[in-house]
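In: Okay, structure incoming, though there's no sequence with it:
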DNA sequence: TATGAATGAGGCTTCATTCAT
DNA sequence: GATGAATGAAGCCTCATTCAT
């Protein structure tokens, strides 16, 4: 639950930096940007709060590192093999799994999204990341469109926005995220392409 | 654009209170809770910052009033007449319209959602509101379920969560909210119940 | 020694502001800009250090007010009546008197001079003030030049710079300032225009 | 412009120490004591800031070394040959030349002068140096006094203070220092001892 | 000698809040 | 109700200094 990730081999040199970023993620997840305090982050990794400035000149720099970290952790490559409907389900399932495993990452993303409204640089970076996701989703939906993988009424362009909206909305309540995302893939995929098992099951094949 | 409607009785005493709440809404929409400052709110309505405390004993009280205000403005009763599919579309269309007309209200809601994670009282209130919405949506989806209004695969319970997720996600980018919500209703409503021509659809195949 | 100046009638409203400026002058005189601390200035007038910001938004603003105050206190109009040589002596005598009465003012001026090298705005203001002084001195020296008031070899333009240099140098050691300035006027004024009394006396007429 | 001369023995070990002192001089000249930072000084010579403490245990020690350096560089022996008036002119000309060649040295001196008001040890050292200068000037003026080298009205004792004041004042604006110092020697030296044509005089009447 | 990590004191500033008028 | 003055806690950041390597 804490320190939720990779110990680098040998307690390496810049572990401290990593540790600070991870502590900041925890802190943001728990208290929001509103409650992000360098002192607390520092205490979390066990150093004096002024030492934080040894690694990050400014608080904003730490936040920038948090963005990079979170983005890095969340970048899920959409699988390229298989049929479009399968790839979509895999993608959404993977996201749902991540949400339940590491909900803090998504909370922080939501905070960043909101903060990006007032921070131009942040917005630029986030939009860049989102553009990548958007185009990947676009390609997927278009390919499925050609092969008749989708439910009638699914528009490839609008579908992208729908997926993004669901993910962004679902991340706020991880406990229900799986349900929403599963339901979404159900509705997007053509009935005859969808495995005919238990309607509420998460993984049907 | 500002001071949106809702005159209380006769330009009365409580207008100032209202004004403060609305100014706070603007401020939160623009700067987040992170940047909410009583001084700025006070300046926005043209009074001294210490006078704010005559209306709201504490900053948190102002925030509470903001929640009430926003909730009040956003409470859209799901139309009760007509067929389920029509009612769903009406509801989502109404939300989309509101999002483009008064995006600040939704931004503030998103901020409140995030903040409610750290504020128990806030969470309680928000969950109460959401419970009402959830049950209304549940009733709607169940009724449509019985009458075969929905697309195959739509689960009434999961569908509620999906709708909520989409709305919560869509409110972050008002310019795309319409697209997402329209796409959602398309996918939820059974193909044969959906009007053949849809003036708001971007791409009809 | 402290509070060296005019009590405004009735302990007026913005006495506090004045008091802060005067405390800052004392502090700068004693500790230099290097040692100027808002906390100390605040303590000197008996208020909390954060209250200083009620009067001066920023430390720099306080320094700006100090400049204005010092400049105001130091602006000595060169007497316009009498002969040029008498006016010069009066001016230098007045400066010498001020230096011994209120040495802090001059110390602060010296600090400001030095600081103006790194602060463009400060330099601009100081140069403006100095330009006024310089031109007044120029007019005085030119008029004496025509009437043969000065010692041979005195150049009106260079003489201005010499006077300024002496004043700036003398202010650093108030105890010797009188001697330097008297000697200066002696050397500048033609021998036959200078009263034939005791050569080291400060005031010979 | 930087690294002004004075190689210690064979590029030796102490070069680093020298370099630090010179960097400190530059830094003080540019930013004042107010802005003197060990980190910047260290960066200027290309070493880590904590390494500075291997050469100077404390910041104050570095400042002390700066004083020694500056004093050393500025100690100009008053020429002992020639007539008093010539020696005076040589001395003042040499100072003027130094001011235009290495203005930083004089800026630092001015800073030190101001700082010496709050630092007893510093003041003691500076007063010692000044005492040497003062007595040398005193001897010079007395000798000229006997030989009738000076303008009427020049008092040997007061003259010393005048010279010191001019030098201290002139060093603040190197571009005008030459003018002031030349004018000073003109006024101090008896008219019949002053060369009829003076190549450096701006205006010869 | 040189470094990088760490510290702790202290500085300026912000801000909600209180109080007297 | 309204104001301005005042407070005190807290935040970010700076910097000289120390220490282990």
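Out: Arrived safely. Predicted, not measured: the structure shown is a model, and the values here were computed from it.

In: So which elements touch the longest helix seen in chain A?
Out: Ranked by residue count, the top helix of chain A under DSSP state H comes out as helix A:120-146. Under the contact criterion of 3 or more CB pairs under 8 Å, 6 or more residues apart in numbering or on different chains; DSSP states H and E, helix A:120-146 touches helix A:59-74, helix A:84-101, helix A:103-115, helix A:156-170. To be clear about C-beta, it is placed using only N, CA and C from the backbone, and glycine gets the same treatment.

In: among these, which is the most enclosed?
Out: Of all those, helix A:156-170 carries the top mean neighbour count, a mean of 25, counting by mean count of other CB atoms under 10 Å in any protein chain shown.

In: so what does that helix touch, helix or strand wise?
Out: Helix A:156-170 sits against helix A:84-101, helix A:120-146, helix A:174-188, helix B:156-170, helix B:174-188, with contacts defined as 3+ CB pairs under 8 Å, 6+ apart.

In: now do 7 Å
Out: helix A:120-146, helix A:174-188, helix B:156-170, helix B:174-188 (3 or more CB pairs under 7 Å, 6 or more residues apart in numbering or on different chains; DSSP states H and E).

In: in the longest helix of chain A, what's buried?
Out: Within helix A:120-146, the residues scored as buried using 16 or more other CB atoms under 10 Å in any protein chain shown are A:122, A:125-126, A:129-130, A:133-134, A:136-137, A:140-141, A:144-145.

In: What count of nearby residues applies to residue A:195?
Out: For residue A:195, the count of nearby residues is 13 (other CB atoms under 10 Å in any protein chain shown).

In: what about it, distance to residue B:159?
Out: Residue A:195 sits 19 Å away from residue B:159 when distances are taken as CB to CB, to the nearest Å.

In: go on, residue A:67?
Out: Distance of residue A:67 to residue B:159, computed by CB to CB: 34 Å.

In: residues touching the spatially most central residue of chain A, list them.
Out: What sits nearest the mean C-alpha location of chain A, by CA atoms, centre = their mean, is residue A:74, with 4.4 Å. Residues near residue A:74 by CB atoms under 7 Å, 6 or more residues apart in numbering or on different chains: A:105, A:109.

In: what's the closest residue in space to residue A:127 that isn't next to it in sequence sitting at in phi/psi?
Out: Nearest non-adjacent residue to residue A:127, counting by CB to CB, 6 or more residues apart in numbering or on different chains: residue A:116, 7.9 Å away. Residue A:116 adopts backbone torsions of phi -60, psi -10, taken as degrees, to the nearest 10.

In: Spell out which residues sit in contact with residue A:116, please.
Out: Contacts of residue A:116 by CB under 7 Å, 6+ apart are A:122-123, A:126.

In: and which of those residues is nearest residue D:51?
Out: Nearest to residue D:51 among the contacts of residue A:116, counting by CB to CB, is residue A:122 at 37.5 Å.

In: List the residues that contact that closest one.
Out: A:67, A:112, A:115-116.

In: Please name the nearest non-neighbouring residue to residue A:73.
Out: Distances taken as CB to CB, 6+ apart put residue A:105 closest to residue A:73, at 5.6 Å, once the chain neighbours are dropped.

In: Apologies, that question was intended for residue A:109.
Out: Counting by CB to CB, 6+ apart, residue A:109 lies nearest to residue A:70, which is 5.9 Å off, once chain neighbours are set aside.

In: Looks like that neighbour contacts residue A:105 (just checking).
Out: Yes: using CB atoms under 7 Å, residue A:70 is in contact with residue A:105, at 5.7 Å.

In: count of neighbours near residue A:46?
Out: Using other CB under 10 Å, residue A:46 has 10 neighbouring residues.

In: mind checking how far it is from DNA strand F?
Out: Going from residue A:46 to DNA strand F by CB to the nearest atom of the strand, to the nearest Å gives 16 Å.

In: what separates that residue from chain B, distance-wise?
Out: Counting by CB to the nearest CB, to the nearest Å, the separation of residue A:46 from chain B is 24 Å.

In: Same question for residue A:50.
Out: Computed as CB to the nearest CB, the residue A:50 to chain B distance reads 23 Å.
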